[in-house]
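Asks: show me how the following folds:
(one chain, ligands or ions: 2)
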Amino acid sequence: MAIPVLQAVQIGGYVLRQKVQGKRRFPLVLMLEPLFRCNLACAGCGKIDYPDPILNQRLPLDECLHAMDECGAPVVVIAGGEPLLHKELPQIVEGGIARGKYITVCTNALLLEKQISKFKPHRRFNWSIHLDGDQEMHDKSVCQKGVYDRAVAALKLAKSKGFRVTINCTLFNDADPERVAKFLDDVKGFGIEGATVSPGYAYERAPDQQHFLNRAKTKQLFRDIFKRGQGGKKWPFFQSGLFLDYLAGNRTYECTPWGNPTRTVFGWQRPCYLLGEGYAKTFAELMEETNWDSYGVGKYEKCADCMVHCGFEASAVNESFSKPWEVLKVAIAGIRTDGAMAKDIPLDRQRPADYVFSRHVQNKLAEIKEAEAPNTSHLSAAE
Ligand code: SF4
Ligand code: SF4
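Replies: Residues are numbered from 1 along each chain as shown. Ligands and ions are numbered 1, 2, ... in the order given. Next up is the predicted model:
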């Protein structure tokens, strides 16, 4: 698999240190969303459905760097919205690298050609270009023709300038395994460092609610894809083999939402990148005051179909420390694509969904209004 050895060793060292210190919960990847504004409006996106005053908000450079320091995770994934719309993105990336972080910028790549001269290649930095399949699949997914060609041109440009480039691919229930396998062949041919694949999370605010995968369909889809590529060994995945094995239904994991904490313009998001159920002012408050036991598959209705990397990659990393032979087994034999699937977590005791989006939006709008209101108190004092 395509995670560089030095990166794997350094992240492994970090995990070991946390375990030796007896920490039960610790972050692996900081998901930093310094803005929600995007230059696309994809049908399956749950990130951009905010009123303009919120879409106009930016996490400034100092708050982004402070979030990295507070959290301490060795990997920082900068997403959004579209991070290339943030004017301080080059400084955020540089600040992260200077702190010894591995930085990934997730982008739809539409602005990459225009902005690439503001960034420098570095072994700790990679572009993760959003490509949800071949030309037809991707353009359909992002609801705009021509985006695949522009993203691939930007990918090749970034490669030619010496950047590390990966792709991230979200799959929905209309994905055809044969075409996805062919797509993975194609992106491998572009010389990418790796690919991450994930089933789309069923965002309650996404405009298209018809095409999200349930868990049974997800597992079969990934089996059908991996069997076309030597149990996945044919392609350079930029994620752990055990997580891919989980996607193919061969393992059962509880979610580890604190493994990928998320910082947005709202604050530290509870409980995870996918679900905004509340916000904490500080990272310590997020870790200590979130009722983690009330989230996850089998615990909360909104988690029922989730198999997304931000919840389960950290679970896979945890298992790789307790059962390293399993990592070796998957690396050598590939992902099993037939036979019985692992028993899944039952859903009969999950608590019902709590619909809190509008409340958080109203609170944020009130906060923005208050911050923007002219301060008249000194006038009254002077009068
Ligand atoms: S999925 Fe990504 S590119 Fe598409 S609208 Fe959402 S943030 Fe933008
Ligand atoms: S299962 Fe975990 S990662 Fe998925 S939505 Fe629920 S809390 Fe988030």
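Asks: for F243, which non-adjacent residue is closest in space?
Replies: Closest residue to F243 apart from its sequence neighbours, by C-beta to C-beta, 6 or more residues apart in numbering: A316 at 3.9 Å. Bear in mind the C-beta positions are built from the backbone N, C-alpha and C, glycine included.
Asks: give me phi/psi at the one you found?
Replies: When read as degrees, to the nearest 10, the backbone of A316 gives phi -70, psi -40.
Asks: please report how far it lies from L28.
Replies: Per C-beta to C-beta, to the nearest Å, A316 is found 10 Å from L28.
Asks: the more surrounded of these two?
Replies: Comparing A316 with L28 by other C-beta atoms under 10 Å, the one with more neighbours is A316, at 25 against 20.
Asks: wait, the more buried one sits on L247?
Replies: No - the pair A316 / L247 is not scored as a contact, 9.7 Å apart, by C-beta atoms under 8 Å.
Asks: so G162: helix, strand or coil?
Replies: Here G162 is coil, with the state taken from DSSP: H, G, I helix; E, B strand; the rest coil.
Asks: and the pLDDT at it?
Replies: Looking at G162, its pLDDT reads 98.
Asks: apart from its neighbours in sequence, what residue is nearest it?
Replies: Spatial nearest neighbour of G162, excluding adjacent residues (C-beta to C-beta, 6+ apart): P121 at 4.1 Å.
Asks: quick one, what contacts the one you found?
Replies: By C-beta atoms under 8 Å, 6 or more residues apart in numbering, the contact set of P121 is 161-164.
Asks: looking at these, which is nearest ligand 1?
Replies: Using C-beta to the nearest ligand atom, F163 comes nearest to ligand 1 of these, at 19.3 Å.
Asks: helix, strand or coil: sort out the residue of the chain found nearest ligand 2 for me.
Replies: For the chain, the residue closest to ligand 2 is G311, as judged by C-beta to the nearest ligand atom, at 2.4 Å. Under three-state DSSP, the three-state class of G311 is helix.
Asks: quick one: contacts for it?
Replies: G311 neighbours (C-beta under 8 Å, 6+ apart): 255-257, 259-260, 272, 274, 296, 303.
Asks: export those to a markdown table and tack on distance to T218, pLDDT and secondary structure?
Replies: Output for the contacts of G311, formatted as a markdown table (distance: C-beta to C-beta, whole Å; pLDDT from 0 to 100; DSSP: H, G, I helix; E, B strand; the rest coil):
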| residue | distance to T218 | pLDDT | secondary structure |
| --- | --- | --- | --- |
| C255 | 14 | 97 | coil |
| T256 | 18 | 97 | coil |
| P257 | 18 | 96 | helix |
| G259 | 20 | 97 | helix |
| N260 | 19 | 97 | coil |
| C272 | 17 | 97 | coil |
| L274 | 15 | 95 | coil |
| G296 | 16 | 97 | coil |
| C303 | 14 | 97 | helix |
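Asks: ligand 2 next: which of those are close?
Replies: Restricting the contacts of G311 to those near ligand 2 by C-beta under 6 Å from any ligand atom leaves 255, 257, 272, 274, 296, 303.
Asks: residues contacting the spatially closest residue to the fourth one that is not a sequence neighbour?
Replies: The one in question is L274. Beyond its immediate neighbours in the sequence, the residue positioned closest to L274 (C-beta to C-beta, 6+ apart) is Y201, lying 4.6 Å away. Taking C-beta under 8 Å, 6+ apart as the contact definition, Y201 lies against 46, 212, 274, 305-306, 308.
Asks: what strand or helix carries Y201?
Replies: Using DSSP states H and E, Y201 sits within no helix or strand.
Asks: where's it relative to A98, distance?
Replies: According to C-beta to C-beta, Y201 stands 32 Å off from A98.
Asks: from the chain's centroid, how far away is stretch 17-33?
Replies: Distance of stretch 17-33 from the chain centroid (C-alpha atoms, centre = their mean, to the nearest Å) equals 16 Å.
Asks: so which residues make contact with it?
Replies: Applying C-beta under 8 Å, 6+ apart, the contact partners of stretch 17-33 are 11, 14-15, 47, 59, 64, 67-68, 71-81, 92, 258-265, 273, 287, 292, 310, 313-314, 317, 321.
Asks: ligand 1 contacts on the stretch 1-150 of the chain?
Replies: Taking C-beta under 6 Å from any ligand atom, the part of the stretch 1-150 of the chain that reaches ligand 1 is made up of 38, 40-42, 45, 47-48, 80-82, 108, 130, 142.
Asks: if any of those residues are buried, put those into a PyMOL selection.
Replies: The following PyMOL line selects those of these that are buried, judged by 16 or more other C-beta atoms under 10 Å:
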select buried, resi 38+40+42+45+47+48+80+81+82+108+130+142
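Asks: I'd like the residues of the stretch 1-150 of the chain next to ligand 1 as CSV, with secondary structure, pLDDT and distance to ligand 2 appended.
Replies: As requested, those are exported to CSV (DSSP: H, G, I helix; E, B strand; the rest coil; pLDDT from 0 to 100; distance: C-beta to the nearest ligand atom, whole Å):
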residue, secondary structure, pLDDT, distance to ligand 2
C38, coil, 98, 21
L40, coil, 97, 23
A41, coil, 95, 22
C42, coil, 94, 19
C45, coil, 90, 15
K47, coil, 91, 14
I48, coil, 92, 18
G80, coil, 92, 18
G81, coil, 95, 19
E82, coil, 98, 22
N108, coil, 98, 23
H130, strand, 97, 19
V142, coil, 96, 23
